[in-house]
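# Sharing a sequence plus its predicted fold:
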Amino acid sequence: MDNNSNLDLDLIPKELGVLLDILKIEKDDSILEKGLEDVFKEIDWDHFLLLARHHRVYPIVYAKLQKINRKGIPRHVIEILYQEYKRNTFQMLHLSCEMELVSKLFADNQIRILFLKGPVIAFDIYGDISLRTSKDLDVLIPIHKLEKAEELLLSCGYEREEEILLKESKWRSHHVTYIHPTKNIQLEIHWRLQPRPSKEPSFNELWEQKRVSTITSYPIYFLGKEDLFFYLVSHGARHGWFRLRWLLDIDQMIRKGIDFDKANILFEKYKSCHLGGQALILASHLLETPVNDKMKILTAEDRSKKLAQMAIHLIKEQLPLHIITSTNYFRRYLISLKASNMQKLIHIVLLFYPSSVDAKTLRLPKLLHFLYFPLRPFLWVWRKTRKSV
């Protein structure tokens, strides 16, 4: 643990504390096992299961519990975790098949593709696709190939999830979502790792550092180790780390080995040292991730400590994404993530740019789409009013 970056963890519920203890179990962790037996007697197991699902860590929780004496854990809890583990395994196999098909489809049509998440990341980080959850496939392609990619997906039965307004993708967003109604698969096509105005490596830079996975018969390309670490840190930070799964990814990558000389260069180059520090502080305190001297370069900033404490509030709230992101607290948190005052200003300006959500609230013909600019504040108030009723 990084003792120089103490966090206030008093507000963490008892069941969440036990969940964290289970996630920290190693093969021969007999001391922790003895300590847990008494705690198990005081747990609200329904709430525990709710937390395991919310944080998307139920597969690895089930796997960890196979390593200890489960005395004190009700039988139905183990059975529910097993059923969830089994369901997730089938889901990941299903996604693996689609991942191979999409990779071949794009390669055959001269579109370079990098997989950002999904089974390929689960296997790389955990060595087993069944130990990590994934509801969809996220891929990165060059921005000039977006139209061709959409054409291919639509020809294969995918449907675009939502309408894009006024070149919204160029300014406000960084991906488009497609749904295959027959296969029940969601696919996100990214042209950036994160939304603007965040700084990040170009597609060509990421492609040069790519790795190839062998979990399928057709080659699957994904991010280099340090690039993946940088992406997962940035992604987790942008979502306030409200799911422990993202933090567990960071913990596992560090334990398997990250070249922090390269990682520190990435964070410095793209003005994200405060995000790297936040992730390391959280992982150190919640999962006892080992932090060495090279990592402490990132954790030294007071800003990293402040962001880590802000994330603790989001982690303990146990709220769905659409509710969390609608809170004033989360909006203040997002602004705090920005690397400079200019980035903060750009972030605020982009909030006034129309989005597909506005089109769902009020349908206008394409010739009148320009009216979404002056109407956006009123549409936002209207949505808020409807939710509160």
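Now that the structure is in, tell me what you want to look at. Numbers count the residues shown, from 1 in each chain.
# can you map out the strands along the stretch 101-250 of the chain?
Along the stretch 101-250 of the chain, counting by DSSP state E, counting those that start in this stretch, strands occupy 114-115, 136-140, 159-160, 175-180, 185-190, 211-213, 220-222.
# The ones you listed: which one's closest to Trp241?
strand 136-140 (17.8 Å; CB to CB). Just so you know, the C-beta spots here come from the backbone N, C-alpha and C atoms, and that holds for glycine as well.
# pLDDT score for the closest residue to Asn109 other than its chain neighbours?
Of all residues not flanking Asn109 in the chain, Leu152 sits nearest, at 6.0 Å (CB to CB, 6 or more residues apart in numbering). pLDDT for Leu152: 97.
# what do you get for His322?
His322 is assigned 76 on the pLDDT scale.
# Secondary structure element holding it?
Here His322 sits within helix 321-324, counting by DSSP states H and E.
# Tabulate the strands of the stretch 101-250 of the chain (CSV), appending distance to Gly72 and mean pLDDT.
Rendered in CSV, the data for the strands of the stretch 101-250 of the chain read as follows (distance: least, CB to CB, whole Å; pLDDT from 0 to 100):
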stretch, distance to Gly72, mean pLDDT
strand 114-115, 40, 98
strand 136-140, 36, 96
strand 159-160, 48, 92
strand 175-180, 43, 93
strand 185-190, 38, 95
strand 211-213, 39, 96
strand 220-222, 40, 97
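# Tabulate these (CSV), appending mean neighbour count and distance to Lys366.
Shown next, in CSV, are those (neighbours: other CB atoms under 10 Å; distance: least, CB to CB, whole Å):
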stretch, mean neighbour count, distance to Lys366
strand 114-115, 24, 33
strand 136-140, 21, 28
strand 159-160, 13, 16
strand 175-180, 18, 18
strand 185-190, 21, 22
strand 211-213, 14, 41
strand 220-222, 23, 37
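# Need those in CSV (columns: distance to Lys67).
Below are those laid out as CSV (distance: least, CB to CB, whole Å):
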stretch, distance to Lys67
strand 114-115, 30
strand 136-140, 30
strand 159-160, 43
strand 175-180, 37
strand 185-190, 33
strand 211-213, 27
strand 220-222, 29
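# Quick one: residues contacting Leu65.
22, 73, 78, 81 (CB atoms under 8 Å, 6 or more residues apart in numbering).
# For those residues, pick the one with the most neighbours.
Leu81 (23 neighbours; other CB atoms under 10 Å).
# contacting residues for that one?
49, 52, 58, 61-62, 65.
# Tell me the confidence at the closest residue to Val77 other than its chain neighbours?
Nearest residue to Val77, sequence neighbours excluded (CB to CB, 6+ apart): Trp45, at 5.0 Å. Looking at Trp45, its pLDDT stands at 94.
# cool, and Ile281?
You'll see Ile281 listed with a pLDDT of 96.
# re earlier: and the residue nearest to Asn109, how many neighbours?
As a burial measure, Leu152 scores 17 neighbours (other CB under 10 Å).
# Against Leu371, how distant is it?
Here the criterion is CB to CB, to the nearest Å. By it, Leu152 lies 33 Å from Leu371.
# and whichever strand or helix holds Gly277, which residues are buried?
Assigned by DSSP H and E, Gly277 belongs to helix 273-287. Residues 273-287 are the ones in helix 273-287 that count as buried (16 or more other CB atoms under 10 Å).
# ok so, going back, I'd like the contacts of Leu65 as JSON lines, with pLDDT, secondary structure and distance to Ser130 appended.
Below are the contacts of Leu65 laid out as JSON lines (pLDDT from 0 to 100; DSSP: H, G, I helix; E, B strand; the rest coil; distance: CB to CB, whole Å):
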{"residue": "Ile22", "pLDDT": "91", "secondary structure": "helix", "distance to Ser130": "17"}
{"residue": "Ile73", "pLDDT": "88", "secondary structure": "coil", "distance to Ser130": "21"}
{"residue": "Ile78", "pLDDT": "94", "secondary structure": "helix", "distance to Ser130": "16"}
{"residue": "Leu81", "pLDDT": "97", "secondary structure": "helix", "distance to Ser130": "13"}
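# May I ask which two of those residues are separated the most?
Pairwise distances across the contacts of Leu65 (CB to CB) peak at 12.2 Å, for the pair Ile22 and Ile78.
# re the thing from before, which one of the contacts of Leu65 is nearest Leu375?
Using CB to CB, Leu81 is the member of the contacts of Leu65 that lies nearest Leu375, at 47.6 Å.
# ok, the nearest residue in space to Glu84 that is not next to it in sequence to Asp44 distance?
Excluding the flanking residues, the one nearest Glu84 by CB to CB, 6+ apart is Tyr58, at 4.6 Å. Computed as CB to CB, the Tyr58 to Asp44 distance reads 16 Å.
# neighbour-wise, which of those two wins?
The neighbour count for Tyr58 versus Asp44, taken as other CB under 10 Å, is higher for Tyr58 (24 against 12).
# Against Asp46, how distant is the more buried one?
According to CB to CB, Tyr58 stands 14 Å off from Asp46.
# What of Leu319?
Leu319 sits 18 Å away from Asp46, taking CB to CB as the criterion.
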